[in-house]
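# Sequence and predicted model, in that order:
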Amino acid sequence: MKSFKNQKVGALGAIPALAAFLFIGAILLPGVFYGAGQGELVKAVTDSDFEKEVIHSKKPVLVDFWATWCGPCRMYGPIVDKVAKDYAGRLKVVRVDIDQSPQVARSLQIQAIPASFLFVNGKVVNSWVGLVSEGEVKADVNQVVKAVAKKRPNPIGTPSKTATPTKKVTPTKTATLTKTATPNQTATPTKKGSPKKTATPAQSR
């Protein structure tokens, strides 16, 4: 009886150890547990091949930006993997570690992760920041994928090329104040007629 209790306690004591092992492994070996992609469905991309894999892709591309130290990224990762599986063949999904590929992250001005960007013909048509639900991601992805399949110029729901704002009418050079009429040079007083010499009284003889 005593030995059975000891075995039971020993088994229970192994659970925290196993949890700690998995946690440490997830941090030290992110490629094994998360981030290396799901086989052919989610590919790990870096600064060196981002242009080839994303910008020049013929399919719409969903890019998941993450980092090994980001907890929310690990929660959001499975959602991205599910989207990749459900849209296989119609949507390309890649994953970028911002610590290993800082150049791409800077070019897109990423300030928080997880962050996802949806590219079509090399241009961003939609983006999400934070832990977004599967439904939200799929709703937008679905519209884009359908529109691209129908070869529509501007996927529904995606910002159609924002009409390049008609150049703001540059304020016509503020009419340079018409030179304030330079006060006519104050009419220089006409020389006062030199006082007529008062006739000097003739000297009395």
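Perfect, I can see it now.

# Every contact and neighbour count from this point should use C-alpha atoms.
OK.

# ok, and the closest non-adjacent residue to Lys58?
Take Lys58 and drop its neighbours on the chain: the residue closest to it by CA to CA, 6 or more residues apart in numbering is Asn121, 6.6 Å away.

# Show me where the chain dips below the pLDDT cut-off.
For the chain, the stretches flagged by pLDDT under 70 are 1-40, 152-205.

# How much space separates Gln143 from Lys82?
17 Å (CA to CA, to the nearest Å).

# no no, Gly71
Counting by CA to CA, the gap from Gly71 to Lys82 is 18 Å.

# Could you check which of those two is surrounded by more residues?
Lys82 (16 against 12; other CA atoms under 10 Å).

# Looks to me like the more buried one is in a helix.
Yes - assessed by DSSP: H, G, I helix; E, B strand; the rest coil, Lys82 belongs to a helix.

# Which parts of the chain are helices?
Counting by DSSP state H, the chain has these helices, from start to end: 2-28, 30-33, 50, 71-86, 102-107, 134-149.

# For the fourth one, give me every contacting residue.
Helix 71-86 is contacted by residues 34-35, 37-38, 41-42, 64, 66-67, 91-93, 113-114, 130-134, 138 when judged by CA atoms under 8 Å, 6 or more residues apart in numbering.

# what's the distance between Val137 and Gln111?
Computed as CA to CA, the Val137 to Gln111 distance reads 20 Å.

# do Val144 as well
On the measure of CA to CA, Val144 and Gln111 end up 25 Å apart.

# ok, now Gln103?
13 Å.

# tell me the domain ranges of this protein?
Annotated domains of the chain cover 1-32, 34-149 [automatic domain parsing].

# Packed most tightly, which of those domains would that be?
domain 34-149 (a mean of 18; mean count of other CA atoms under 10 Å).

# now Phe50, nearest residue through space, not along the chain?
Nearest to Phe50 is Val104, by CA to CA, 6+ apart, at 7.7 Å.

# Now do the same contact list for the one you found.
By CA under 8 Å, 6+ apart, the contact list for Val104 reads 47, 50, 98.

# can I assume the first one is in contact with Ile98?
No - using CA atoms under 8 Å, Asp47 makes no contact with Ile98, being 9.4 Å away.
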